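Novice: 3D, please:
(chains A and B)
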Amino acid sequence: RKEVEQDPGPFNVPEGATVAFNCTYSNSASQSFFWYRQDCRKEPKLLMSVYSSGNEDGRFTAQLNRASQYISLLIRDSKLSDSATYLCVVKRLTGGGNKLTFGTGTQLKVEL
Amino acid sequence: DGGITQSPKYLFRKEGQNVTLSCEQNLNHDAMYWYRQDPGQGLRLIYYSQIVNDFQKGDIAEGYSVSREKKESFPLTVTSAQKNPTAFYLCASTERQGDYNEQFFGPGTRLTVL
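Specialist: I've put the predicted structure just below:
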């Protein structure tokens, strides 16, 4: 079983739609959680961290359920510019230091 | 401007040759990482370093080597022992302490083995 699992998509949605992505992680020792965004053939960039109480940044809302080992990302009022791959990332401390594990990503295509 | 630079952006190599990918950061970060990304796959950790002169193997270290002689530099050598070296290679850095420190990425190097 992969340490971080995501539905690869693609999610094809019309502009203005609300879309939700889910992610599960297998290692209960995971400490911190993130969503990164990756545009085609570019490097990933941090979209938002995911806190235990849930957090919102504009049109983006992230939720964490530690008991179920589940993370979600909700995008409201989708824009064409939201088209990208969204990577779920978990971080844990190892003997060698902090280690991030990336999901394979969920592809979003927002259409007119 | 602070950031991470990787060079070259595109690299072509003949089978059987070693090649070294450059990664430099001026963010004063202690920790640096190398990932590889294949089409349709997530990032996989090759090597990471939390401090100068120390580094750890990641999940797919076979066929790769690194050095960390300076805080700002973490070069990756892809050796001829790496069976499938064609991939997109990403270098990243972060502050060592703190649960929610952002990991910053360089623009990547696309390696193609001919």
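Novice: partner residues bridging whichever residue of chain B sits closest to chain A?
Specialist: When scored by Cβ to the nearest Cβ, chain B has B:Gln56 as its residue closest to chain A, at 3.2 Å. Bear in mind the C-beta positions are built from the backbone N, C-alpha and C, glycine included. For B:Gln56, the beta-bridge partners under DSSP bridges are B:Tyr48.
Novice: list the contacts for it?
Specialist: For B:Gln56, the residues meeting the contact criterion (Cβ atoms under 8 Å, 6 or more residues apart in numbering or on different chains) are A:Thr94, A:Gly95, A:Gly96, A:Gly97, B:Tyr47, B:Tyr48, B:Ser49, B:Gln50.
Novice: which residues does the residue of chain A found nearest chain B contact?
Specialist: Of the residues in chain A, the one nearest chain B is A:Gly96, at a distance of 3.2 Å by Cβ to the nearest Cβ. Counting by Cβ under 8 Å, 6+ apart, A:Gly96 makes contact with B:Tyr48, B:Gln50, B:Gln56.
Novice: Check B:Gly58 too.
Specialist: If you count contacts by Cβ under 8 Å, 6+ apart, B:Gly58 has them with A:Lys99, B:Tyr33, B:Trp34, B:Tyr35, B:Arg44, B:Leu45, B:Ile46, B:Tyr47, B:Tyr48.
Novice: Need the contact partners of the helix or strand encompassing the fifth one.
Specialist: By that I understand B:Arg44. For B:Arg44, the enclosing helix or strand under DSSP states H and E is strand B:43-51. Outside strand B:43-51, the residues that touch it by Cβ under 8 Å, 6+ apart are A:44, A:87, A:96-102, B:30-38, B:55-61, B:64, B:66, B:68, B:74, B:76, B:90, B:96.
Novice: ok now do B:Asp30, which residues does it touch?
Specialist: Residues touching B:Asp30, when contacts are defined by Cβ under 8 Å, 6+ apart, comprise B:Gln50, B:Ile51, B:Lys71, B:Glu95, B:Arg96.
Novice: Can you select the buried ones among these for me in PyMOL?
Specialist: In PyMOL, the members of these classed as buried (16 or more other Cβ atoms under 10 Å in any protein chain shown) are selected with the following command:
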select buried, chain B and resi 50+71
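Novice: With distance to B:Asn84 and pLDDT as extra columns, can I get the contacts of B:Asp30 in JSON lines?
Specialist: Putting those into JSON lines (distance: Cβ to Cβ, whole Å; pLDDT from 0 to 100) gives the following:
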{"residue": "B:Gln50", "distance to B:Asn84": "28", "pLDDT": "91"}
{"residue": "B:Ile51", "distance to B:Asn84": "30", "pLDDT": "92"}
{"residue": "B:Lys71", "distance to B:Asn84": "31", "pLDDT": "97"}
{"residue": "B:Glu95", "distance to B:Asn84": "33", "pLDDT": "87"}
{"residue": "B:Arg96", "distance to B:Asn84": "31", "pLDDT": "75"}
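Novice: Next, the buried residues of the strand holding B:Arg44.
Specialist: Taking 16+ other Cβ under 10 Å as the criterion, strand B:43-51 shows B:Leu43, B:Arg44, B:Leu45, B:Ile46, B:Tyr47, B:Tyr48, B:Ser49, B:Gln50 as buried.
Novice: right, and out of these, which lies closest to B:Lys14?
Specialist: The shortest separation between B:Lys14 and any of those is 21.4 Å, and it belongs to B:Ile46 (by Cβ to Cβ).
Novice: Which per-residue confidence value corresponds to the closest residue to the closest one other than its chain neighbours?
Specialist: Counting by Cβ to Cβ, 6 or more residues apart in numbering or on different chains, B:Trp34 is the residue found nearest to B:Ile46 once chain neighbours are left out, at 4.4 Å. Turning to B:Trp34, the model gives it a pLDDT of 98.
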